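[1] Okay, structure incoming, though there's no sequence with it:
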């Protein structure tokens, strides 16, 4: 079974400094049809103006991933985590039993465009934790790269859930990939940037496809102009 989540159907939120699109219910956007997909609970696409951001606020028992598409995002938390995230970086913060953090645009001149992803953990009230990893875009071109996993395999970030996050960069023409779908797993494919075809279906930035109760090969191909940035979440049911 496949479920299309079109970019234009997502929830919208914004202020003078924030423009946000919500794949799933979040904040003031609530749709009982879109409460998450397996343990994938939040997938927000945010654009934050220069010198602006989210002041200190608290979370608990959530795996939070930040993935920057352009610009730079500065993170600080009260558990000692901190850093500046740039395009191609993935940041992981496990809120554990509770953590307070802030996220601000690291630039005084340019907006920052990023994805914030929440995955429900497979354990609760663990100590908070933080890590950040840069992934070489050259190595990701035309191939699936493991970005996050339960055990930190292949240089990925280790997260507290039996989930894997794969990423790929695809150009136009014949750049194509296949992915083996496993029975008993759920998959969420999100187009972060650019355009692709999935088993012949055209998808553009912000579009997503949920897949469950399927086995076989998933075919993904770059299309249009420029480079497509694609994330694939391999999730437990």
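    Sure thing, it's come through. What you see is a predicted model; the values in this text were computed from it and never measured.
[2] going forward, measure contacts between C-alpha atoms and count neighbours the same way
    Will do.
[3] gap between the residue nearest to residue 77 when sequence neighbours are not counted and residue 232?
    In space, and not counting its chain neighbours, residue 77 is closest to residue 101: 3.9 Å by C-alpha to C-alpha, 6 or more residues apart in numbering. Shown here: residue 101 relative to residue 232, a distance of 27 Å by C-alpha to C-alpha, to the nearest Å.
[4] Please apply the same query to residue 38.
    Applying C-alpha to C-alpha, one obtains 14 Å for the distance of residue 38 from residue 232.
[5] what do you get for residue 115?
    Counting by C-alpha to C-alpha, the gap between residue 115 and residue 232 amounts to 13 Å.
[6] neighbouring contacts of stretch 39-53?
    17-26, 35-36, 102-121, 206, 235-237 (C-alpha atoms under 8 Å, 6 or more residues apart in numbering).
[7] show me what contacts residue 186?
    The contact partners of residue 186, taken as C-alpha under 8 Å, 6+ apart, are 38, 210-213, 234-237.
[8] Please disregard the earlier target; I meant residue 188.
    If you count contacts by C-alpha under 8 Å, 6+ apart, residue 188 has them with 37, 208-211, 232-235.
[9] Quick check: next helix or strand after the helix or strand where residue 41 lies?
    Mapping residue 41 onto the secondary structure by DSSP states H and E places it in strand 40-48. Scanning forward in sequence from strand 40-48 by DSSP H and E, the next helix or strand is strand 53-59.
[10] how big is the angle separating that following strand from strand 40-48?
    Computed by axes from the mean of the first three to the mean of the last three C-alpha atoms, to 10 degrees, the angle separating strand 53-59 from strand 40-48 equals 160 degrees.
[11] Please spell out which residues along strand 53-59 are buried.
    If you call a residue buried by 16 or more other C-alpha atoms under 10 Å, then strand 53-59 has these buried ones: residue 53.
[12] Let me see the mean pLDDT of that strand.
    Taken as a whole, strand 53-59 carries a mean pLDDT of 92.
[13] and the next element down the chain from that strand?
    Beyond strand 53-59 in the direction of the C-terminus, DSSP H and E gives the next helix or strand as strand 63-70.
[14] contacting residues around that following strand?
    Taking contacts as C-alpha under 8 Å, 6+ apart, the residues outside strand 63-70 that touch it are 85-95, 111-121, 159-160, 192-193.
[15] hang on, the earlier thing: which one of residue 38 and residue 232 is surrounded by more residues?
    Of the pair residue 38 and residue 232, residue 232 is the one with more neighbours under other C-alpha atoms under 10 Å, namely 23 against 18.
[16] What strand or helix carries that one?
    In this structure, residue 232 sits in strand 228-235 according to DSSP H and E.
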